[in-house]
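Colleague: Starting from these lines, generate the structure:
(one chain, ligands or ions: 1)
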Amino acid sequence: MSSRTVKISKFLSLVLRHEPGRIGIQLDSAGWVDVDELLRACTAHQFPFSRDELNQVVATNDKKRFAFSEDGKRIRANQGHSVEVELQYEPSVPPEILYHGTADRFLASIQQDGLIKGNRHHVHLSTELSTAISVGQRHGRPLVFRVLAGQMHRSGHQFFVSANGVWLADHIPANFLQIH
Ligand code: HQG
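Modeller: Numbers count the residues shown, from 1 in each chain. Take a look at the predicted model:
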C-alpha cells in the first residue's frame, strides 16, 4: 500500500469503526454507509479522496479491512468496531490454536481475568503468530498468547470469523490461554 492509501485506510478505520459522527455520517445497524455520502462527508471534512482511490484502498488493503456491498453502493469495515453495529457473524468452528498479541505489562491482569473485549465488540485473535506479534507491538513489549480455541469451542464457547479472516470471541477465560 502506498502512503496515501495507508492514510486513507486509517481515516476510514476511524470513521467506519469508531467515530462516524466526526464527519457527520451515520452507519446503519450492520455498519454500512452509502459510498457517495461517505465521499461527500470526507470532502466536507477536509479529507477528500476519489471513488477510484477508495476502490484502490478496499482492493489492496493489507488486512482487507473494508468491504463494499454486492451492488457496490455501500461500504463498511469488516471488523474492529467500537460503535454499536451488528455484523451478524455466523458462529464457526475455530482452528485448534489461535494467537493473541498483547503487551507484557497486561500479563497479570490477563492471567486473572482472561482476555476481555474492552471497547471493541470482541476479543480479536489470529491464525498467524506473526500477526499476533505485530498487534502486540502496537501496545508495548509484545507478549503472545496461544489460545486453546479447539478445546474452548468443544466446551461450548462460540467463535466467529470476520470476512477478512480475523477470529473473534466474547471472552477468553484464562484457563484456555498459554504464554507462547
Ligand atoms: C488487552 C488490529 C488487561 C488486549 C489487530 C489488547 C486486531 C487486556 C488491549 C484488532 C485484558 C485491547 C484488535 C485484560 C485484553 N487485562 N489487558 N484482562 N484483556 N487486554 O486495540 O486485539 O489493524 O482493543 O490484549 O489486527 O490489540 O486495526 O485490541 O492489548 O485485529 O485492522 O487490551 O486491531 O486490526 O486493545 O487489536 P485493542 P487488539 P487493525
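Colleague: Can you show me the strands along this protein?
Modeller: In the chain, the strands defined using DSSP state E lie at 33-34, 66-68, 74-77, 97-103, 123-125, 142-148, 160-161, 167-169, 177-179.
Colleague: any chance of those strands in a markdown table, plus distance to the ligand, mean neighbour count and mean pLDDT?
Modeller: Any C-beta I mention is one placed from the backbone N, CA and C, and that applies to glycine too. What follows is those, written out as a markdown table (distance: least, CB to the nearest ligand atom, whole Å; neighbours: other CB atoms under 10 Å; pLDDT from 0 to 100):
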| stretch | distance to the ligand | mean neighbour count | mean pLDDT |
| --- | --- | --- | --- |
| strand 33-34 | 18 | 18 | 98 |
| strand 66-68 | 10 | 18 | 92 |
| strand 74-77 | 8 | 23 | 96 |
| strand 97-103 | 3 | 21 | 98 |
| strand 123-125 | 4 | 22 | 97 |
| strand 142-148 | 8 | 21 | 98 |
| strand 160-161 | 12 | 19 | 94 |
| strand 167-169 | 9 | 23 | 96 |
| strand 177-179 | 10 | 13 | 98 |
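Colleague: Figure out which of these is closest to L54.
Modeller: Nearest to L54, of all the strands of the chain, is strand 74-77, at 7.4 Å by CB to CB.
Colleague: Extract the CA atoms of the closest one and return them as CSV.
Modeller: Below are the C-alpha coordinates for strand 74-77, written out as CSV (Å, rounded to 0.1, in the frame of the first residue of the first chain):
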residue,chain,number,x,y,z
ARG,A,74,-22.3,0.9,0.3
ILE,A,75,-19.1,0.2,2.3
ARG,A,76,-18.4,-1.0,5.8
ALA,A,77,-15.4,-2.1,8.0
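Colleague: Remind me what that strand packs against, helices and strands.
Modeller: The contact analysis (3 or more CB pairs under 8 Å, 6 or more residues apart in numbering; DSSP states H and E) places strand 74-77 against strand 33-34, helix 35-44, strand 66-68.
Colleague: The longest one: which residues count as buried?
Modeller: Read that as helix 35-44. V35, E37, L38, L39, A41, C42 (16 or more other CB atoms under 10 Å).
Colleague: That helix - contacts with which helices or strands?
Modeller: helix 51-60, strand 74-77.
Colleague: tell me the mean pLDDT for it?
Modeller: Confidence over helix 35-44 (mean pLDDT, whole number) is 98.
Colleague: Centre of the chain to it, how far?
Modeller: On the basis of CA atoms, centre = their mean, to the nearest Å, helix 35-44 sits 22 Å off its chain's mean C-alpha point.
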